[in-house]
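Engineer: Coordinates only, no sequence provided:
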């Protein structure tokens with residue numbers, strides 16, 4: 001919703017050249033929302049969904065921060081200033097989201113690697129018993 005509001009502000013402002021970033025982020029967020037809602041993440045196991053969401057959050061935070069600085073400092077109209085302020089708010093929201101997603105990603109990766117240490121442990125125990 002915040003990306004859509006920022007998109008509308010950029011359309012109404014002199015900084016209309018920045019409108020593509022919030023539009024793409026809004027569409028990407030909608031796609032991931034519907035992918036999780038329709039359980040595509042369970043159907044397509046080859047794609048690391050937490051990593052995809054993490055990369056989306058990191059890039060969105062960086063891009064929103066950059067275009068917000070440009071919109072606030074370069075343009076003087078009210079809509080550009082509003083878009084910049086909403087962009088800074090979106091930067092904070094995406095930073096919190098990528099922190100939460102990072103924790104989920106670490107949990108996801110630990111689940112995937114939890115099988116391999118047990119396998120190595122049993123091989124190490126077998127080699128220890130052979131040397132006795």
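Structural biologist: Sure thing, it's come through. Quick caveat: nothing in here was measured; it's all calculated off a predicted structure.
Engineer: and residue 54, what does it touch?
Structural biologist: 98, 101-102, 105 (Cβ atoms under 8 Å, 6 or more residues apart in numbering). C-beta coordinates here come from the backbone N, C-alpha and C atoms, glycine included.
Engineer: what's the closest of the residues you listed to residue 34?
Structural biologist: residue 101 (17.6 Å; Cβ to Cβ).
Engineer: Quick check: that closest one touching residue 57?
Structural biologist: Yes - the pair residue 101 / residue 57 is scored as a contact, 5.5 Å apart, by Cβ atoms under 8 Å.
Engineer: Show me what counts as buried in the helix or strand containing residue 24.
Structural biologist: Here residue 24, judged by DSSP states H and E, is contained in helix 20-37. With burial defined by 16 or more other Cβ atoms under 10 Å, the residues of helix 20-37 counted as buried are 21-23, 25-26, 28-29, 32, 35.
Engineer: Next, give phi and psi for residue 46.
Structural biologist: phi -70, psi -20 (degrees, to the nearest 10).
Engineer: Same check on residue 15?
Structural biologist: Torsion angles, degrees, to the nearest 10, at residue 15: phi -90, psi 40.
Engineer: for the protein, longest helix please?
Structural biologist: Across the chain, the longest stretch assigned as helix under DSSP state H is helix 78-113.
Engineer: In terms of secondary structure, what does that helix contact?
Structural biologist: Packing contacts for helix 78-113, counted by 3 or more Cβ pairs under 8 Å, 6 or more residues apart in numbering; DSSP states H and E, involve helix 2-12, helix 49-74.
Engineer: looking at those helices, which one has the lowest mean pLDDT?
Structural biologist: Mean pLDDT is lowest for helix 2-12 among the helices and strands packed on helix 78-113, at a mean of 84.
Engineer: If you count neighbours, what's buried in that one?
Structural biologist: 2-3, 5-10, 12.
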